[in-house]
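In: model this:
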Amino acid sequence: MYGTSNAGIDVTQVCQNIVDTGNDDITASNAFFGTDPDPGTVKSFALLYKNPALNNGNPIALGCAENGQIDLVPNPPTATTPVPVPGKPSFTVVRALYGTGNNGYDVTATCQWLINNGGTAITVSNATFGGDPDPNVKKNFAIVYTAVGGGAQQFRACAEGSTLNLS
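Out: Now for the predicted structure:
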């Protein structure tokens with residue numbers, strides 16, 4: 001929803017169209033949504049969505065004031081991890097996310113790098129993923145992957161402080 005307590009509009013389809021094109025940023029503005037539901041007043045934007053890889057698949061509510069921005073898919077961090085001995089990759093990472101319902105990182109490349117270098121156990125921590133996307137809040141990790149050579153996609157998730165073993 002975008003508007004005020006007096007007048008608002010349902011912008012679900014506009015937001016879905018933006019996400020479908022691969023854009024992960026939604027700017028709460030008259031220009032972005034193509035209309036001004038309550039001229040001359042400051043508007044608010046609220047979004048409720050689900051992502052199976054975040055918040056254990058539970059609904060996530062985000063909001064901001066007019067001209068604010070919501071980032072649905074976070075930016076990847078600059079990761080630093082110990083360099084393991086290279087091995088033969090056993091899995092292909094489709095997508096991996098680390099964070100909270102408020103903020104997080106796309107850690108797909110980091111996870112693929114770990115796997116390419118012989119790892120099948122991923123320590124879920126700020127150190128592994130190169131930073132803390134939401135300080136003082138417990139993070140979650142989710143990964144979608146396939147076995148090298150084919151097979152069905154697998155989905156696994158766990159909380160910060162865990163070690164996830166791919167199999």
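In: Pop the domain breakdown of this protein in here.
Out: Domain assignment of the chain by automatic domain parsing yields the ranges 2-71, 91-165.
In: Tell me how far the last one lies from the chain's centre.
Out: Pointing back at domain 91-165 there. Centroid separation for domain 91-165 versus its chain: 11 Å, with C-alpha atoms, centre = their mean, to the nearest Å.
In: Find the least confident helix or strand in this protein, judged by mean pLDDT.
Out: Lowest on mean pLDDT, DSSP states H and E among the helices and strands of the chain sits strand 60-65, with a mean of 73.
In: quick one: the residue in the chain sticking out farthest from the centre from residue 16, how far?
Out: Ranked by distance from the centre of the chain (C-alpha atoms, centre = their mean), the top residue is residue 40, with 34.2 Å. In this view, residue 40 and residue 16 are 29 Å apart by C-beta to C-beta, to the nearest Å. For glycine as for every other residue, the C-beta is placed from the backbone atoms N, C-alpha and C.
In: can you check residue 44 too?
Out: The value you get for residue 44 to residue 16, if C-beta to C-beta is used, is 20 Å.
In: likewise residue 117?
Out: 38 Å.
In: Can you pick out the residue with more neighbours from the two?
Out: Per other C-beta atoms under 10 Å, whichever of residue 117 and residue 16 has more neighbours is residue 117, with 15 against 11.
In: Phi and psi next, for that one.
Out: phi -100, psi 30 (degrees, to the nearest 10).
In: again with residue 108
Out: phi -60, psi -50.
In: Strands of this protein, start to end?
Out: 2-3, 8-9, 25-27, 44-49, 60-65, 69-71, 91-99, 104-106, 121-123, 140-147, 154-159, 163-165 (DSSP state E).
In: Let me know which of the ones you listed is the nearest to residue 129.
Out: Smallest distance to residue 129 across the strands of the chain (C-beta to C-beta): 4.8 Å, for strand 91-99.
In: Just the CA trace of that closest one, in PDB.
Out: Provided in PDB are the C-alpha atoms of strand 91-99 (Å, rounded to 0.1, in the frame of the first residue of the first chain):
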ATOM      1  CA  PHE A  91      27.400 -29.000  -5.900                       C
ATOM      2  CA  THR A  92      26.200 -26.000  -7.900                       C
ATOM      3  CA  VAL A  93      24.700 -23.200  -5.800                       C
ATOM      4  CA  VAL A  94      21.600 -21.800  -7.400                       C
ATOM      5  CA  ARG A  95      21.000 -19.100  -4.700                       C
ATOM      6  CA  ALA A  96      22.100 -18.500  -1.100                       C
ATOM      7  CA  LEU A  97      21.000 -15.700   1.300                       C
ATOM      8  CA  TYR A  98      22.100 -14.700   4.800                       C
ATOM      9  CA  GLY A  99      20.400 -12.100   7.000                       C
END
